[in-house]
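*Asks:* pasting the sequence and the predicted coordinates here, then a few questions.
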Amino acid sequence: MDTLLSSSSSLVVRSSLPPVRAATSPSKLYSATFSFAPSIHALRRNHLSLPRSLTSSRVPKFSIRCGAIKEIKESEFQSTVLESNRPVLVEFVATWCGPCRLISSAMESIAQEYGEKLDVVKIDHDLNPKLIEEYKVYGLPTLILFKDGQEVPESRREGAITKPKLKEYVDALLDSISVA
């Protein structure tokens with residue numbers, strides 16, 4: 001067990017692991033985990049010391065997991081969407097888009113619930129201008145269903161939507177393309 005003692009105060013910290021903090025961003029449902037030790041300079045300033053094993057100058061690790069929705073780029077669009085043998089629901093979003101944040105939890109739920117019938121991918125509006133231009137995405141969020149490399153007629157939907165309405169939308173689309 002690691003112990004930190006301060007000579008200037010009665011601070012005693014005992015830990016078997018470096019501090020770990022888990023944070024979840026409600027805007028994108030990303031799950032981020034930070035793992036770090038206090039800075040050496042801050043410890044010295046406060047007359048604290050760390051065991052030698054924790055004083056390396058390694059950069060903290062940061063990882064993002066998007067759950068059931070995969071975020072893709074222009075370079076992946078052909079193989080992930082157009083060449084897929086399953087229907088693919090594409091969600092065009094932006095980090096600054098309020099309605100996109102509003103439907104993110106509903107989209108995550110749909111991706112999990114319909115995972116056996118279709119794939120759900122997310123495309124960032126700002127990072128993929130060629131796709132935005134090619135598919136004439138004017139409003140955000142925009143949902144488009146693709147099957148056999150083609151946009152399904154009448155599948156385009158723009159703007160925020162409640163989870164029950166989103167479920168109705170997806171069910172109607174899957175019925176129209178005869179996915180059991």
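*Replies:* In hand now; what should we look at?
*Asks:* how much space separates residue 145 from residue 152?
*Replies:* Separation of residue 145 from residue 152 (C-beta to C-beta, to the nearest Å) stands at 4 Å. From N, CA and C alone the C-beta is placed, and that goes for glycine too.
*Asks:* what do you get for residue 138?
*Replies:* Distance from residue 138 to residue 152, counting by C-beta to C-beta: 19 Å.
*Asks:* can you pull out the helices in this structure?
*Replies:* 40-45, 74-77, 98-113, 129-134, 163-176 (DSSP state H).
*Asks:* could you dump those into CSV and include mean pLDDT?
*Replies:* Putting the helices of the chain into CSV (pLDDT from 0 to 100) gives the following:
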stretch, mean pLDDT
helix 40-45, 50
helix 74-77, 96
helix 98-113, 96
helix 129-134, 96
helix 163-176, 96
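*Asks:* for the ones you listed, give me JSON lines that also has mean neighbour count and distance to residue 67.
*Replies:* Output for these, formatted as JSON lines (neighbours: other C-beta atoms under 10 Å; distance: least, C-beta to C-beta, whole Å):
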{"stretch": "helix 40-45", "mean neighbour count": "12", "distance to residue 67": "35"}
{"stretch": "helix 74-77", "mean neighbour count": "14", "distance to residue 67": "18"}
{"stretch": "helix 98-113", "mean neighbour count": "18", "distance to residue 67": "5"}
{"stretch": "helix 129-134", "mean neighbour count": "13", "distance to residue 67": "22"}
{"stretch": "helix 163-176", "mean neighbour count": "15", "distance to residue 67": "15"}
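*Asks:* so in terms of bridging, what pairs with the residue nearest to residue 173 when sequence neighbours are not counted?
*Replies:* Using C-beta to C-beta, 6 or more residues apart in numbering and skipping the chain neighbours, the partner closest in space to residue 173 is residue 145 (5.0 Å). Counting by DSSP bridges, residue 145 forms beta bridges with residue 89.
*Asks:* which helix or strand in this protein has the lowest average pLDDT?
*Replies:* When each helix and strand of the chain is scored by mean pLDDT, DSSP states H and E, strand 61-65 comes last, with a mean of 40.
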